[in-house]
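Got a sequence here, can you model it:
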Amino acid sequence: MVAGGGAAALILGPLQYLADKWLSSKFNQRLEQFKHEQQVEMENLRFKINSLFDRTTKLHQREFEVVPAAWALLVESKNYVSALLTALQQYPDIDRMTTPQLDEFLEGSFLAKWQRDEIKATGKKLDYYIKAVFFHRTHEARVACREQHVYVLKNGIFMPRDMKEKFDRMSELIWQALVEHEVNTSEDVRPRMRDARDVLLKEGEPLMKSLEAAIHGALWEGLSSPKSPS
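Residues are numbered from 1 along each chain as shown. Below is the predicted model of the structure:
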């Protein structure tokens, strides 16, 4: 029996060794496969994070370019219309100008040559000039409003939704007031329509301040000056 046990040990020993080697090899294979899968997953996650960060950075960069430009156009269009709506309009008394004075004044004005010729020929020079000024300034206001509206229309996707809504509302108020004023003057409406103008004055100023605060917060978020050490 002792001899048999020794033979069994001689047989089982190498088998046990081979079994351990096989298990160790399989374990190492599985471990390497696991490490590879983890590495692939980490690379995919890193790629997604970098892509998201890159998109976010580009979006913020575009927002920083678009919002100040849209604000500048909005302020410009509002100023044009506000100037038109001002009750007090001042004009030079060209009816009392001498011919040389009138020629020099008209030469430096916005009037086209045919308009300068017409104003010299008419007996009511100031009335002609006031009408010409009205159409000239109205055209400038329309161009400013249109540029602002089209710019936001093209670039509004780069703005936060609530900010774009404020831009759109302010643009609407300015445009409605401009159209009302243009109809009042060109058609000589009596009594004057004032609804759109009053809404612009009542709602426009608070809305402009709210929009300005929203823009300031978006552009300067996280960039406040560090506190000085006490």
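
any idea where the helices of the protein begin and end?
Applying DSSP state H to the chain gives helices spanning 2-85, 99-107, 113-121, 125-155, 161-186, 195-199, 205-220.

could those go into JSON lines alongside distance to residue 91?
The C-beta positions use only the backbone N, C-alpha and C, and glycine is treated the same way. Converted to JSON lines, the helices of the chain look like this (distance: least, C-beta to C-beta, whole Å):
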{"stretch": "helix 2-85", "distance to residue 91": "14"}
{"stretch": "helix 99-107", "distance to residue 91": "11"}
{"stretch": "helix 113-121", "distance to residue 91": "12"}
{"stretch": "helix 125-155", "distance to residue 91": "6"}
{"stretch": "helix 161-186", "distance to residue 91": "14"}
{"stretch": "helix 195-199", "distance to residue 91": "21"}
{"stretch": "helix 205-220", "distance to residue 91": "28"}
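
Now for this protein, the helix or strand with the poorest mean pLDDT.
helix 2-85 (a mean of 76; mean pLDDT, DSSP states H and E).

Now do the contacts for the residue nearest the centre of the chain.
By C-alpha atoms, centre = their mean, the chain has its centre lying nearest to residue 67, at 3.2 Å. Going by C-beta atoms under 8 Å, 6 or more residues apart in numbering, residue 67 touches 158-159, 163, 215, 218-219.

re the thing from before, residue 93 is nearest to which of the helices of the chain?
Among the helices of the chain, helix 125-155 comes nearest to residue 93, with 6.6 Å by C-beta to C-beta.

and the closest one, what does it pack onto?
helix 2-85, helix 113-121, helix 161-186 (3 or more C-beta pairs under 8 Å, 6 or more residues apart in numbering; DSSP states H and E).

Give me the angle between that helix and helix 161-186.
160 degrees (axes from the mean of the first three to the mean of the last three C-alpha atoms, to 10 degrees).

So for helix 125-155, what gets flagged as buried?
Buried positions in helix 125-155, judged by neighbour count with 16 or more other C-beta atoms under 10 Å: 125-126, 128-129, 132, 134, 137-138, 140-142, 144-145, 148-149, 151-152, 155.

and the angle for that helix with helix 99-107?
Using the same axes, to 10 degrees: helix 125-155 against helix 99-107 is 10 degrees.

Can you check what angle separates helix 125-155 from helix 113-121?
Going by the same axes, to 10 degrees, helix 125-155 makes 150 degrees with helix 113-121.

Could you tell me the average pLDDT over helix 125-155, please?
What helix 125-155 shows for mean pLDDT is 96.
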